[in-house]
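**Q** Mind looking at a prediction? Sequence and model below.
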Amino acid sequence: MTEFIPVGTRFVDLPAAFPMRRGCTLHGGRVAYETWGTLSAARDNGVLILTGLSPDAHAASNDANAEPGWWEAMVGPGKPIDTNRWFLICVNSLGSCKGSTGPASINPTTGEPYRLDFPELSVEDGADAAAHVVRALGIEQLACVIGNSMGGMVSLAFLLRHPGSARTHINISGAARALPFSIAIRSLQREAIRLDPNWNNGRYSDETYPESGMRMARKLGVITYRSALEWDGRFGRVRLDSDRADGDPFGLEFEVESYLEAHARRFVRRFDPNCYLYLSRSMDWFDLGDYCRESHGNHDADARGGLSLIRVERALSIGVHTDILFPLQQQEEIASGLAAGGADARFLPLESPQGHDAFLVDIQRFGPAVRDFLAAL
């Protein structure tokens, strides 16, 4: 088991006994983060990015690491998230294998990797860990918290559980609760990993690694991250030059198959399978209405009721018509719910053909929306 930590990543130690939402306690945990820009003397220009399942904290190149980040086109001097103005913080999710403590980390009690002994992980735990980083950096209130995909879930939990922690919010392709379709997809991904004999109830090694399960899980994920419209326009029914290589009668024949295979193989050894399982399940468990039911005694509350308890001045909820994993009605629900709580909240549907992952690649559509929102602060 290996952790994959970018050069220049920094860390904040969590409290010695960090309480988890589902009743467990994490001991000796830490959270990985990176920063860009300069914190103002008033400490009022902080912007926090909360990521999807697999990204690390390296959202863009910086002084500590010149390698391009996963959101390079969006973050930097003069870019939509302009680091000449904003002090940007990107946090790696608790439970990940990219520097924050997770199942691939060493359990201080045993000296061995946690594996399945890692405490049950919820989206809310990631929110609490991120809030601890912000406080450790001396910031009482962020100018904005930005959440993408799973990070959109984490950001809503962050704002609800830590009132007053941010003045504004941008939610990108996020959700206030997991829907049955996305739960079903993630369930199949986890099953593919767990049914690989090499998974061995979480006790694999670099030599006996559940590569087939991870490949299948990643392929299924990539299919849902994009849209049928893009698959058709990008690949059509184009066949590979050499059909049925190596005599396999059911081998790769189409370019789209080859793309998925290459994409999956690049991923499988760069993300820990147990971390994937934990983070995936945390999204399935998430429902902002739980907060109303558990903390406010409102047993009939739903996700919109939880959203209405969040207090921010302004909010922007962005989604795309072709997203099948976090469909557009979920971003509309976020804007409506935040408005019910008193926010000046706007819902922005975009026509991108690139599905759920559009925010990573369709910067010509997402960039101006983010830039304009932040410029008005």
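**A** Done, it's in.
**Q** residue contacts, the most centrally placed residue in the chain?
**A** In the chain, the residue lying closest to the centroid (C-alpha atoms, centre = their mean) is Gly52, at 1.4 Å. With contact taken as C-beta atoms under 8 Å, 6 or more residues apart in numbering, Gly52 is in contact with Asn148, Ser149, Met150, Gly151. (C-beta placed from N, C-alpha, C; glycine too.)
**Q** Am I right that the first one is in contact with Ile49?
**A** Yes. Shown here, Asn148 and Ile49 form a contact pair, counting by C-beta atoms under 8 Å, at 7.5 Å.
**Q** Low-confidence stretches in the protein?
**A** Across the chain, the ranges flagged by pLDDT under 70 are 1-2, 242-247, 295-301.
**Q** For it, which segments count as helices?
**A** For the chain, helices defined by DSSP state H occupy the ranges 123-136, 150-161, 180-194, 211-225, 228-235, 255-268, 273-285, 289-295, 303-307, 328-340, 358-361, 363-375.
**Q** Buried deepest among those helices, which one?
**A** helix 150-161 (a mean of 28; mean count of other C-beta atoms under 10 Å).
**Q** Run the chain-centre distance for stretch 270-287.
**A** The chain centre lies 10 Å from the centre of stretch 270-287; the measure is C-alpha atoms, centre = their mean, to the nearest Å.
**Q** what about Gly151, distance to Ala376?
**A** Using C-beta to C-beta, to the nearest Å, one gets 22 Å for the distance from Gly151 to Ala376.
**Q** What about Ile49, how many residues nearby?
**A** Using other C-beta atoms under 10 Å, Ile49 is surrounded by 29 other residues.
**Q** same thing with Leu121?
**A** 27.
**Q** Now the phi/psi pair for it, please.
**A** When read as degrees, to the nearest 10, the backbone of Leu121 gives phi -110, psi 130.
**Q** What residues does the closest residue to Glu120 other than its chain neighbours make contact with?
**A** Excluding its sequence neighbours, the residue lying closest to Glu120 (C-beta to C-beta, 6 or more residues apart in numbering) is Arg22, at 4.4 Å. Shown in contact with Arg22 (C-beta under 8 Å, 6+ apart): Pro119, Glu120, Ser122.
**Q** Give me the ChimeraX select line for the residues you listed, limited to the buried ones.
**A** Selecting only the buried entries of the contacts of Arg22 in ChimeraX, with 16 or more other C-beta atoms under 10 Å as the criterion:
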select :119,122
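**Q** Dump the contacts of Gly52 to TSV, plus distance to Asn198.
**A** Output for the contacts of Gly52, formatted as TSV (distance: C-beta to C-beta, whole Å):
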residue	distance to Asn198
Asn148	31
Ser149	28
Met150	26
Gly151	30
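**Q** Can you name the two of these that sit furthest apart?
**A** Asn148 and Met150 (7.8 Å; C-beta to C-beta).
**Q** Now for those two: what residues contact both?
**A** Thr51, Gly52, Gly174.
**Q** For those, give me TSV that also has distance to Phe235.
**A** Below are those laid out as TSV (distance: C-beta to C-beta, whole Å):
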residue	distance to Phe235
Thr51	28
Gly52	24
Gly174	28
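**Q** now, which of these sits nearest Phe359?
**A** Of those, the one sitting nearest to Phe359 (C-beta to C-beta) turns out to be Gly52, at 9.1 Å.
**Q** ok, and the closest non-adjacent residue to that closest one?
**A** That would be Ser149: by C-beta to C-beta, 6+ apart, it lies 3.6 Å from Gly52.
**Q** ok, back up a step: between the contacts of Gly52, which is nearest Met214?
**A** Distance to Met214 across the contacts of Gly52 (C-beta to C-beta) is lowest for Met150, with 18.1 Å.
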